[in-house]
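Enquirer: everything below, folded, please.
(one chain, ligands or ions: 2)
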Amino acid sequence: MDHFDYRNGELYAEELPIARIAEEVGTPVYIYSRATLERHARVFRDGLKDLPSVHCAFAVKSNPNVAVLKVLKEQGFGADVVSEGEMRRALAAGIPAEDIVFSGVGKTRHELTHALEAGVGQFNLESEEEGVELAGIAARKGLTANCALRVNPDVEAGTHEKISTGKAENKFGVPYDRAAEIFDRLARLPGMNLRGLAVHIGSQLQSLDPLEAAFGRMGALMEAIRAEGHHITHMDLGGGVGVPYKQGEVFPSLEDYGAMVARVCKDWGVTLMFEPGRVITGNSGVLVTEVIRVKQGVHSPFVVVDAAMNDLARPAMYDAWHDFQAVHPRGDHFIASVVGPICESSDTFAKNREIDRVEAGDLAVFRTAGAYGATMANTYNSRPLVPEVLVSGEKFAVVADRIEPETILAAERVPDWL
Ligand SMILES: Cc1ncc(COP(=O)(O)O)c(C=O)c1O
Ligand SMILES: N[C@@H](CCCC[NH3+])C(=O)O
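Expert: Ligands and ions are numbered 1, 2, ... in the order given. This next block holds a predicted model:
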């Protein structure tokens, strides 16, 4: 799955001992493997090889580091962005504007205008209101906006409720039953080239069944819209394919995913678009941390590490599991809770879990931290933003510096009337 493996009793990132990187850059630090990113990108594309026309747009939100985007651009990926900031990052990585899909439920007027002027390839419209606004901006500028209408298929994704997006009660897309009528109205607007439909039912899906159900519904909708005389040339099937977070967990393979897509969508006569995020980046990264101390608790010891919920928010936000492994395993295990230094109990990475025995000063990693890791970091408790490192064979580079609290402090002002 990845290039983070033990050799001679210590954990490596590709050809480099993780301890060496930690020594040079400090901890906590995110480490990404270029070889893993490339392999995931290749395997994703290979799974889709039986489809006649495919566009893969990497979901930048999962890991917006420009070096990561550049690796994926070189693998032929465009970008799926949800803000002007993400669009700027994709462009900075050299991804051509026409390979960018602009998604997101709250694109501002400023973002719509800017993206239109930049020439992004497709806007995924989240509402009729957004479509009307965008068409108006485009028509006034003498431009045409290529668009797909995001539809909420009302399908249960079977993932954590906070990252499920395809049920009727979620804020995303237009209601399935109203989609044909909205499509018809938007398609007639000057400035609008409404060329497709888009769907994305959630993230970290463990089964292909909900995706298959959603795609089936989209196919039926596409036929109904075509029957009204509209042309549909693009279908954006979103992202969402899940990854194993626990050793030994079994997930559908990308080959299975590709076969399912081919079975359901092969004869649609469209360019199929994909927005994978986690499946590309999740297992391409780890968060390295140092054990500050091991503190005795009533039920089990607390391993207090120097990473915290501000660095990796997923456990606190979604009760997510990240495997915890010692960089130099001592050969035995113990039951412990792994916690960060932040002043709330949600700053817990593992509760009473059997883990590698560690002691103060030991290095360890949280695995599967390449997606929705650094990008969701913040400076709670006035902690620094964690640096990021990209490894390629025997080389590594710091691809995002540690941002110290002083830098943030320097941006603050105390008014002179205080
Ligand atoms: C519209 C859209 N596309 C793509 C993604 C990427 O999802 P994932 O990282 O699960 O592949 C998301 C996140 O869920 C999303 O909201
Ligand atoms: N941030 C979420 C995924 C959100 C997907 C965004 N559409 C996670 O870490 O699992």
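Enquirer: alongside ligand 1, which residues does the stretch 101-250 of the chain contribute?
Expert: Residues of the stretch 101-250 of the chain lying close to ligand 1 (Cβ under 6 Å from any ligand atom) are Ser103, Thr165, His200, Ser203, Gln204, Gly238, Gly239, Gly240, Val241. Every residue, glycine included, has its C-beta placed from N, CA and C.
Enquirer: give me that answer again for 5 Å
Expert: Residues of the stretch 101-250 of the chain lying close to ligand 1 (Cβ under 5 Å from any ligand atom) are Ser103, His200, Ser203, Gly238, Gly239, Gly240.
Enquirer: which neighbours does the longest strand seen in the chain have in its sheet, and in what orientation?
Expert: The longest strand of the chain (DSSP state E) is strand 285-295. In the sheet, strand 285-295 lines up against strand 29-33 (antiparallel), strand 302-305 (antiparallel), strand 363-366 (antiparallel) (DSSP bridges).
Enquirer: Ala179 is nearest to which of those strands?
Expert: For Ala179, the closest of those is strand 29-33, at 38.1 Å, according to Cβ to Cβ.
Enquirer: can you give me the buried ones in stretch 175-188?
Expert: Tyr176, Ala179, Ala180, Ile182, Phe183, Leu186, Ala187 (16 or more other Cβ atoms under 10 Å).
Enquirer: can you give me the offset of it from its chain's centre?
Expert: 29 Å (Cα atoms, centre = their mean, to the nearest Å).
Enquirer: got it, and stretch 218-225?
Expert: Mean-position distance between stretch 218-225 and its chain equals 28 Å (Cα atoms, centre = their mean).
Enquirer: touching, Met376 and Ala316? I think so.
Expert: No. Using Cβ atoms under 8 Å, Met376 and Ala316 do not qualify as a contacting pair, with a distance of 10.2 Å.
Enquirer: which single residue of the stretch 251-400 of the chain ends up nearest ligand 2?
Expert: Proximity of the stretch 251-400 of the chain to ligand 2 (Cβ to the nearest ligand atom) peaks at Tyr372, 3.0 Å away.
Enquirer: tell me the SS of that residue?
Expert: coil (DSSP: H, G, I helix; E, B strand; the rest coil).
Enquirer: ok, Asn193 next?
Expert: strand.
Enquirer: how about the residues of the stretch 101-250 of the chain next to ligand 1 in JSON lines, adding secondary structure?
Expert: Below are these laid out as JSON lines (three-state DSSP):
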{"residue": "Ser103", "secondary structure": "coil"}
{"residue": "His200", "secondary structure": "coil"}
{"residue": "Ser203", "secondary structure": "coil"}
{"residue": "Gly238", "secondary structure": "coil"}
{"residue": "Gly239", "secondary structure": "coil"}
{"residue": "Gly240", "secondary structure": "coil"}
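Enquirer: which of those residues tops the neighbour count?
Expert: Of all these, Gly240 has the most neighbours under the rule other Cβ atoms under 10 Å, reaching 30 neighbours.
Enquirer: would you mind measuring from that one to Ile163?
Expert: 9 Å (Cβ to Cβ, to the nearest Å).
Enquirer: same question, Gly202
Expert: Relative to Ile163, and taking Cβ to Cβ, Gly202 is found at 6 Å.
Enquirer: ok, those two, which is more surrounded?
Expert: Per other Cβ under 10 Å, whichever of Gly202 and Ile163 has more neighbours is Gly202, with 27 against 18.
Enquirer: list the contacts of that one.
Expert: Gly202 makes contact with Ala157, Thr159, Ile163, Ser164, Thr165, Gly166, Pro210, Gly240, according to Cβ atoms under 8 Å, 6 or more residues apart in numbering.
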